[in-house]
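Student: Test case, fold it:
(chains A and B)
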Protein chains: 2
Amino acid sequence: MINIAIMGYGVVGSGVAEVCRMNADAIEKKAGQGINIKKILDLRDFPDDPFGDRVTHRAEDIFEDPDIAIVVETIGGTGIALELSRRALEAGKHVVTSNKELVAAHGPELMALAQAKSISYMYEASVGGGIPIVRPLHKCLSANVIQLVAGILNGTTNYILTRMDAAGIRFEQALSEAQEHGYAEQNPTADLDGLDACRKLAILGSITLGEYIDSRQVHTEGITSIMPPDLLYAQHLQMKLKLIGRFRLLLDQQADMIVAPMLISRSHPIAVADDVNNAILVEGNALGEALFYGRGAGKLPTASAVVADVIECAMHLGRLPHLITWAVSDRTIVRPHDDCPVQALVRLRDSLPAERVRELFGPYGAEPVQAQDLHEHAWLVGRDAVLSEGQLAARLRLLDADVIGRIRLFV
Amino acid sequence: MINIAIMGYGVVGSGVAEVCRMNADAIEKKAGQGINIKKILDLRDFPDDPFGDRVTHRAEDIFEDPDIAIVVETIGGTGIALELSRRALEAGKHVVTSNKELVAAHGPELMALAQAKSISYMYEASVGGGIPIVRPLHKCLSANVIQLVAGILNGTTNYILTRMDAAGIRFEQALSEAQEHGYAEQNPTADLDGLDACRKLAILGSITLGEYIDSRQVHTEGITSIMPPDLLYAQHLQMKLKLIGRFRLLLDQQADMIVAPMLISRSHPIAVADDVNNAILVEGNALGEALFYGRGAGKLPTASAVVADVIECAMHLGRLPHLITWAVSDRTIVRPHDDCPVQALVRLRDSLPAERVRELFGPYGAEPVQAQDLHEHAWLVGRDAVLSEGQLAARLRLLDADVIGRIRLFV
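Tutor: Numbers count the residues shown, from 1 in each chain, chains lettered A, B, ... in the order given. As a prediction, this is how the structure comes out:
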């Protein structure tokens, strides 16, 4: 029997307890021993919970207990979670986390701490919820030079876009629906603004390169300004509009990284992911393409990924630390956004003459697309020659008041 | 620098060498040391190959070389491959294989041999080519009770069915095309008869249960008798016709296992896999569904999975053997085929009165489907109540000469 502690008994934390209870037999068979939740750290009490008697409000009860080998951190955020993760590692406890914000912001420090102590710091659940991606990307694809990691990394926004597309409703209404179904938090800013997807993308990019990528360097746009006509263009072009995070390795070993709404062909494997599902495509120079698809969030899926890490940790306790570490280098890893290539659908007011569009975008390719609104025309630009984000932005600034919007194409 | 040997320098074996050469830097970074191919065992010589000088015809040159720590087995089949794998393990060499036939037939023996020697026997490449599935299923999903593992496990047959569907051509012509493209071997029997998919399914089932499943107990049908009208029904029903392997855990811990052509909804995630791609869906009681998709075969994809195993082995050499082992039990794991539930599209000659069909299948559900051929009618049966394979077969025997064919539905 191995003793663990859970820090943070919210959605994922209580899910971890639930998975441990409901799959106790399968887990014991796999781990070679049972997993006992000895302590749960939370500010609240849970008198009606089956594990309510394990709750403590003092972190020391965990860190000073020599029987507890593994600590699960499901607090979230970078405040108290950072402090408690540090203290757990310093106390020699293996740490398993689902906290993408913490891993993206302080991963290198926590990994170094674990490495110095020869213990594990594991974070499979930080990306893709229950979908295995961290370990496969690191271990199973290790013989490849990974050229692309791209996909739908946030379930909340994917649900909203799916509903806007299927029901023709506006963003605000789709958001309300998502909240009613429990797919969006009461304060969904980190999801809607693309921050959550950006952190996950930075984690995947860091694993791919073995070097830490600061998520704040990734150009990030959310979905709050998506309008129903944008979806009409997607349908007209046999595409879907998805919030996509994309890491692309460039020839100079820099990475082109972005999180933004993009138009993607309906037949593309990434586009199979609707509703709250995630899909992550990985392209390696030997492998070709592989796709990982499934429930990217939710209580039990995410908890099952946490518990899988706990099991692996328990199986090898004291023998081999599990660390997928990132070097911290001072080279510029993320290429400046303005220098990255882009293809986009540009929506312009009717008042703007087509000649002006051809003059500005012609050399890069400018194909007219049938307008989905009476008062505009629309163009696909950048498909013939490389157009940079900076060049696109400069041209749109020139057109200024005549620009209704632009949506990138996934390429 | 770690020395390895390759046994069998065919498509996958030479791919392993190619991946080691083309990704040498990335592999050295990951493994912490370079990988050197010291010896290649084959009956042939390869004077023009960059590794031609490593070729030997004597297995002893590998087994007796104390510098060689890891041996790759890419011979295929269960003859000499079995003998050489045994000898390699007995000589204390870690073995990495892509040989699904050997793993399916003799996995337990070879795993036990490795376990006794505290060395690794790794077989990620035996299923799904380059798609990570063996390790994720074992490690990442270990907190789940896995209820379903199903998908498209063979690229050759999937290519043929995709071409028959898209081009409306007959089986023989699609097979010729597959052979021209190098997607089908000159003797493609193991692919076409479903044997290859069956072995992979048995491996996935064995990993899922942690118990050895003999692939010979899995009911297996191939695609050689698929006719163009079958594809017309698929289209009419908004479905695709795919060769699907399916493992389903039943309440009594027996497994319902089958490999057969099945009709599957076009919008089902598995159906995203066309051409030579594979797609494997895993359903766990905490996770929900996760899908693994990509190139399921081919020289470099498969080789990259082999090399990933070599890297993991090299990283932990002498510290921790990598074994995903199966217990051998004497319980009946695979439920007898006749007792498994089935839903099917039944194609019957026009001469048979509809009353007779309703009489035989009515209690189980019998919905008429618009016939795709002038001289027949067609029914979906088994959708209202549980119809067993045995019951279906008995009823079709009663109708005998009036039966044109039947295709199962994926459920």
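
Student: who does the host helix or strand of A:Ala116 touch, helix- and strand-wise?
Tutor: Assessed by DSSP states H and E, A:Ala116 sits inside helix A:100-117. When contacts are defined as 3 or more CB pairs under 8 Å, 6 or more residues apart in numbering or on different chains; DSSP states H and E, helix A:100-117 sits against helix A:80-90, strand A:94-97, strand A:121-122, helix A:195-209. In this view, the C-beta of every residue, glycine as well, is placed from N, C-alpha and C.

Student: From the chain's centroid, how far away is that helix?
Tutor: For helix A:100-117, the distance between its averaged C-alpha position and the chain's averaged C-alpha position is 18 Å (CA atoms, centre = their mean, to the nearest Å).

Student: what comes into contact with that helix?
Tutor: Here helix A:100-117 makes contact (CB atoms under 8 Å, 6 or more residues apart in numbering or on different chains) with A:73, A:76-78, A:81-82, A:85-86, A:89-90, A:92, A:94-95, A:97, A:120-121, A:123, A:126-127, A:190, A:196, A:199-200, A:202-203, A:206, A:212, A:215, A:321, A:323-326, A:328.

Student: which of these are buried?
Tutor: Those of the contacts of helix A:100-117 that meet the buried threshold are A:73, A:76, A:78, A:81-82, A:85, A:89, A:94-95, A:97, A:120-121, A:123, A:126-127, A:190, A:196, A:199-200, A:202-203, A:206, A:212, A:215, A:321, A:324-326, by 16 or more other CB atoms under 10 Å in any protein chain shown.

Student: Can you narrow these down to the ones near chain B?
Tutor: The subset of the buried ones among the contacts of helix A:100-117 lying close to chain B, counting by CB under 8 Å from any CB of the partner chain, is empty.

Student: Can I get stretch A:216-229 in CSV? Just the C-alpha atoms.
Tutor: What follows is the C-alpha trace of stretch A:216-229 in CSV, where atoms were taken according to Å, rounded to 0.1, in the frame of the first residue of the first chain:
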residue,chain,number,x,y,z
ARG,A,216,4.3,34.9,-22.8
GLN,A,217,6.3,35.0,-26.0
VAL,A,218,3.5,33.1,-27.9
HIS,A,219,1.2,35.4,-29.9
THR,A,220,-2.2,34.6,-28.6
GLU,A,221,-5.7,35.7,-29.7
GLY,A,222,-9.0,34.4,-28.3
ILE,A,223,-12.4,33.9,-29.7
THR,A,224,-14.4,36.8,-28.2
SER,A,225,-14.5,38.8,-31.4
ILE,A,226,-15.7,35.9,-33.6
MET,A,227,-19.0,36.9,-35.4
PRO,A,228,-21.6,34.7,-37.0
PRO,A,229,-20.5,35.8,-40.5
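
Student: From the chain's centroid, how far away is that stretch?
Tutor: When distances are taken as CA atoms, centre = their mean, stretch A:216-229 is centred 14 Å away from the chain's centroid.

Student: before we move on, what about stretch A:226-238?
Tutor: 24 Å.

Student: So what touches that stretch?
Tutor: In this structure, residues lying in contact with stretch A:226-238 by CB under 8 Å, 6+ apart are A:161, A:164-165, A:168-171, A:239-241, A:261, A:263, A:265-267, A:345, A:347, A:369-370, A:372-373, A:378, A:405, A:407.

Student: Any of the residues you listed buried? List them.
Tutor: Applying a neighbour-count criterion of 16+ other CB under 10 Å, the buried members of the contacts of stretch A:226-238 are A:161, A:164-165, A:169, A:171, A:239-241, A:261, A:263, A:345, A:347, A:372-373, A:378, A:405, A:407.

Student: So which of those residues sit within strands?
Tutor: A:239-241, A:261, A:263, A:345, A:347, A:378, A:405, A:407 (DSSP state E).

Student: Just send those residues back as JSON lines, with distance to B:Gly52 too.
Tutor: As requested, these are exported to JSON lines (distance: CB to CB, whole Å):
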{"residue": "A:Met239", "distance to B:Gly52": "49"}
{"residue": "A:Lys240", "distance to B:Gly52": "50"}
{"residue": "A:Leu241", "distance to B:Gly52": "53"}
{"residue": "A:Pro261", "distance to B:Gly52": "52"}
{"residue": "A:Leu263", "distance to B:Gly52": "49"}
{"residue": "A:Leu345", "distance to B:Gly52": "53"}
{"residue": "A:Arg347", "distance to B:Gly52": "59"}
{"residue": "A:Ala378", "distance to B:Gly52": "58"}
{"residue": "A:Gly405", "distance to B:Gly52": "59"}
{"residue": "A:Ile407", "distance to B:Gly52": "53"}
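
Student: Any stretches of the stretch 1-150 of chain A with poor pLDDT?
Tutor: Scanning the stretch 1-150 of chain A for pLDDT under 70 picks out nothing.

Student: which bits of it sit near chain B?
Tutor: A:15, A:19-20, A:22-23, A:26-27, A:29-31, A:124, A:130-132, A:135-136, A:139-145.

Student: try the stretch 151-300 of chain A
Tutor: Within the stretch 151-300 of chain A, the positions lying close to chain B (CB under 8 Å from any CB) are A:210, A:269, A:272, A:284-295, A:298, A:300.

Student: circling back to that earlier point, now the helices and strands packed on helix A:100-117 in TSV, with distance to B:His106?
Tutor: What follows is these, written out as TSV (distance: least, CB to CB, whole Å):
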stretch	distance to B:His106
helix A:80-90	44
strand A:94-97	36
strand A:121-122	34
helix A:195-209	35
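
Student: out of the ones you listed, which comes closest to A:Leu249?
Tutor: Distances from A:Leu249 to each of the helices and strands packed on helix A:100-117 were compared using CB to CB; the shortest belongs to helix A:195-209, at 7.5 Å.

Student: and the closest one, what other elements does it pack with?
Tutor: Counting by 3+ CB pairs under 8 Å, 6+ apart, the elements that helix A:195-209 packs against turn out to be helix A:100-117, helix A:134-135, strand A:146-152, strand A:219-220, strand A:239-249, strand A:255-265.

Student: deepest of those, which one?
Tutor: Per residue and on average, the most neighbours among these fall to strand A:239-249, with a mean of 25 (mean count of other CB atoms under 10 Å in any protein chain shown).

Student: out of the helices and strands packed on helix A:195-209, nearest to B:Leu250?
Tutor: Among the helices and strands packed on helix A:195-209, the nearest to B:Leu250 by CB to CB is helix A:134-135 (29.4 Å).

Student: hmm, back to that, tell me which entries of the residues of the stretch 1-150 of chain A next to chain B lie within helices.
Tutor: Those of the residues of the stretch 1-150 of chain A next to chain B mapping onto helices are A:15, A:19-20, A:22, A:26-27, A:29-31, A:135, per DSSP state H.

Student: Tell me who's in contact with the residue lying closest to A:Leu348 once chain neighbours are set aside.
Tutor: Nearest in space to A:Leu348, with sequence neighbours left out and distances taken as CB to CB, 6 or more residues apart in numbering or on different chains, is A:Asp402 at 5.3 Å. A:Asp402 makes contact with A:348-349, A:351-352, according to CB under 8 Å, 6+ apart.

Student: just A:Leu148 next, same as before
Tutor: Contact criterion CB under 8 Å, 6+ apart gives A:246-249, A:281-283 as the residues in contact with A:Leu148.

Student: farthest-separated two in those residues?
Tutor: With distances taken as CB to CB, the most widely separated pair in the contacts of A:Leu148 is A:Leu249 and A:Leu281, at 13.8 Å.

Student: Walk me through the domains of chain A.
Tutor: With automatic domain parsing serving as the domain definition, the record reports that chain A contains domains spanning A:2-129+A:299-315, A:138-295, A:341-409.

Student: so which of those domains gets nearest B:Asp384?
Tutor: Put simply, out of the domains of chain A the one that sits nearest B:Asp384 is domain A:138-295, at 28.3 Å, with distance taken as CB to CB.
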